[in-house]
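Enquirer: No sequence on hand, only this structure:
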């Protein structure tokens, strides 16, 4: 019985490895190497070739744990753009202070770090709750 289990597990591992490598077929070698170096435990979900900043680029969408990340590389493996979720507590202090100042009663639902041309930007989603009369409900 244990021999059958061992054969099943070996077949499953082989199929999983082939499925993962199939998703990597067509990704330029340097871009794939750069991705694997930066995100060794991420699973590639899909990729697309497109033009970004006037360059041919490969946009790789991946999962790591429960987080989805999108990174675009040129064919030489240089990062052109990226988008990945971050914890609200990982936002820079100046951004958190600004949000607390402008929206003191709101909580941050989620945040994302965006990179383009070596510049970081942050997308922040606030949780807003209203009743049917248009009054804000603060929890």
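Expert: Sure, I can see it. Just so it is clear, the structure is predicted and the values come from calculations on it, not from any experiment.
Enquirer: quick one: low-confidence parts of the chain?
Expert: Within the chain, the ranges that satisfy pLDDT under 70 run 1-22, 139.
Enquirer: So which residues of it form helices?
Expert: 2-24, 29-38, 93-102 (DSSP state H).
Enquirer: Quick one: list the elements packing against the last one.
Expert: Where contact means 3 or more Cβ pairs under 8 Å, 6 or more residues apart in numbering; DSSP states H and E, helix 93-102 is packed against strand 119-127. From N, CA and C alone the C-beta is placed, and that goes for glycine too.
Enquirer: can we see that at 10 Å?
Expert: strand 107-116, strand 119-127 (3 or more Cβ pairs under 10 Å, 6 or more residues apart in numbering; DSSP states H and E).
Enquirer: Point out the most buried one among those.
Expert: Highest mean neighbour count among the helices and strands packed on helix 93-102 (mean count of other Cβ atoms under 10 Å): strand 107-116, with a mean of 15.
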